[in-house]
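Visitor: I would like to see how this sequence folds:
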Amino acid sequence: MNQQANSAEAGSQYLSFILGGDAYGVDILRVQEIRGWEPVRALPDMPPCMKGVLDLRGTIVPIIDLRVRFGATDPQYDPTTVIIIVSLEVPERGRQLAGMVVDAVSGVIEAGEGDIKPPPGGVRGIDGRYLTGMVSSGEGMTVLIDVDQVLGADQWQQVGGLTA
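Guide: Take a look at the predicted model:
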């Protein structure tokens, strides 16, 4: 079990959000802020999940549509769509901010000792490297996302000096 799942053993909180009707969560300590959807500045030659960049009080933040990253082909942008700004640990770059576009935020999940279960290899068609565990909550089973893996090192190279 990885470090993020181990920290849950002592008791952790996760921000829960919705993607395509399913519940997901990220470690709340990684969340910097939650913003309503707003169009972002598109960049040429980016992968489809990279919607562009956002100027967040002078910091250029790459915005990833998590729905597209996980296979959605035609996500809708409506009043419940939000951008979750998270802090990532990027190899050779250290801490970086990134925004994840999701359908909606649904709340905070408390996970105590023994609540986090290791995920199977892939859940809901998502590559297992993006997952840290699963927890049962009021929304059913919530899949916990590894925010450090959401935006791979290869894509950080594509955004290059934008976030330096």
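
Visitor: what's the spacing between the residue lying closest to Leu66 once chain neighbours are set aside and Asp127?
Guide: The shortest distance from Leu66 to any residue that is not its chain neighbour, by C-beta to C-beta, 6 or more residues apart in numbering, is 4.6 Å, and that residue is Met100. Glycine gets a C-beta too; all of them are placed from N, C-alpha and C. Plainly put, Met100 is 16 Å away from Asp127 if you go by C-beta to C-beta, to the nearest Å.

Visitor: Compare these two (neighbour count), which wins?
Guide: Residue environment comparison for Met100 versus Asp127 gives the larger neighbour count to Met100, 26 against 13, counting by other C-beta atoms under 10 Å.

Visitor: could you show me where the strands are in the protein, in order?
Guide: If DSSP state E is used as the criterion, the strands of the chain fall at 12-19, 22-27, 31-36, 50-56, 59-65, 82-90, 94-102, 104-111, 122-123, 126-127, 131-137, 140-145.

Visitor: thinking again about what came up before, I'd guessed the residue nearest to Leu66 sits against Arg67; true?
Guide: No - taking C-beta atoms under 8 Å as the contact criterion, Met100 and Arg67 are not neighbours in contact, 9.4 Å apart.

Visitor: re earlier: let's have the strands of the chain in JSON lines, adding mean pLDDT.
Guide: As requested, the strands of the chain are arranged in JSON lines below (pLDDT from 0 to 100):
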{"stretch": "strand 12-19", "mean pLDDT": "94"}
{"stretch": "strand 22-27", "mean pLDDT": "93"}
{"stretch": "strand 31-36", "mean pLDDT": "97"}
{"stretch": "strand 50-56", "mean pLDDT": "93"}
{"stretch": "strand 59-65", "mean pLDDT": "93"}
{"stretch": "strand 82-90", "mean pLDDT": "92"}
{"stretch": "strand 94-102", "mean pLDDT": "92"}
{"stretch": "strand 104-111", "mean pLDDT": "94"}
{"stretch": "strand 122-123", "mean pLDDT": "65"}
{"stretch": "strand 126-127", "mean pLDDT": "76"}
{"stretch": "strand 131-137", "mean pLDDT": "87"}
{"stretch": "strand 140-145", "mean pLDDT": "90"}
